[in-house]
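Visitor: My questions concern the predicted model and sequence given below.
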Amino acid sequence: GPYFVSEEMAASPFLERAAAKIDPGKDRFPYCIVWTPLPMITWILPFIGHTGIGNSEGVIYDFAGPYFVSEDNMAFGRPTKYWQLDPHRAGTTETDWDQAVTAGNKEYAKRMHNLCCDNCHSHVAMCLNNMRYNNSSKWNMFKIGALLMVHSRYVSTSAMLKTWLPFVIICIIVTLALTLS
């Protein structure tokens, strides 16, 4: 697809180095959008969560609250999913990617957080718009959320359980309650 790493690009030494630097144990996700569950909200709607973006070294930045972009410490816990993007679709150098992320961080450090309209997904979208990722400046929170659902990978089995187990338990309880009433 046009949004993620192609077979041709995956064979490049540049991307091989980036993929080799992904280290979930150290929370390092170069050129990635990362996702983690939001307590209670994700339990009911498991496709809704908190996002951040990794720079070329894999340091994660997330719009964590009003006037605050967190560095290396996601607001709602460690990433459970990631979507590695192709840095060549952002420009020609690591600097292009990092400058776009830094510009997005600076802008969001001046913004009030709004759960529905200007949030962590919007921050990630601005970073992608800044770099014109995939030759587009039409990234938004809905596109980020939808494409994360399609293209992301869980960092581990326990990360997948952290995302889905509360939802499954709630569904079982509701089903039992409705069946037994």
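Guide: Thanks, I have the structure now.
Visitor: for the protein, longest helix please?
Guide: Ranked by residue count and defined by DSSP state H, the top helix of the chain is helix 157-180.
Visitor: so how far does stretch 51-61 reach from one end to the other?
Guide: Chord length of stretch 51-61, first to last residue, is 9 Å (Cα to Cα, to the nearest Å).
Visitor: What residues sit buried inside that stretch?
Guide: For stretch 51-61, a neighbour-count test (16 or more other Cβ atoms under 10 Å) marks 51, 52, 53, 54, 55, 56, 58, 59, 60, 61 as buried. For glycine as for every other residue, the C-beta is placed from the backbone atoms N, C-alpha and C.
Visitor: neighbouring contacts of it?
Guide: 18, 21-23, 27-35, 62, 69-72, 74, 79, 82, 87, 94, 97-98, 101-102, 104-105, 120-121, 123-124, 127, 144, 148 (Cβ atoms under 8 Å, 6 or more residues apart in numbering).
Visitor: thinking again about what came up before, and the buried residues of stretch 51-61, which is closest to residue 168?
Guide: Nearest to residue 168 among the buried residues of stretch 51-61 is residue 51, at 22.8 Å by Cβ to Cβ.
Visitor: Model confidence at that closest one, what's the number?
Guide: On the pLDDT scale, residue 51 is placed at 97.
Visitor: any idea how far it is from residue 121?
Guide: 5 Å (Cβ to Cβ, to the nearest Å).
Visitor: what sits in contact with each of those two?
Guide: residue 144.
Visitor: So which of the contacts of stretch 51-61 belong to strands?
Guide: Using DSSP state E, the subset of the contacts of stretch 51-61 located in strands is 32, 33, 34, 35, 62, 69, 70, 71, 82.
Visitor: If the last one is in a bridge, with which residues?
Guide: Just to be clear, that refers to residue 82. Note on residue 82: beta-bridge partners by DSSP bridges are residue 34, residue 153.
Visitor: is it true that it touches residue 155?
Guide: Yes. In this structure, residue 82 is within contact of residue 155 by Cβ atoms under 8 Å, at 6.6 Å.
Visitor: Mutual contacts of those two, please.
Guide: Taking Cβ under 8 Å, 6+ apart as the criterion, residue 82 and residue 155 both touch residue 24.
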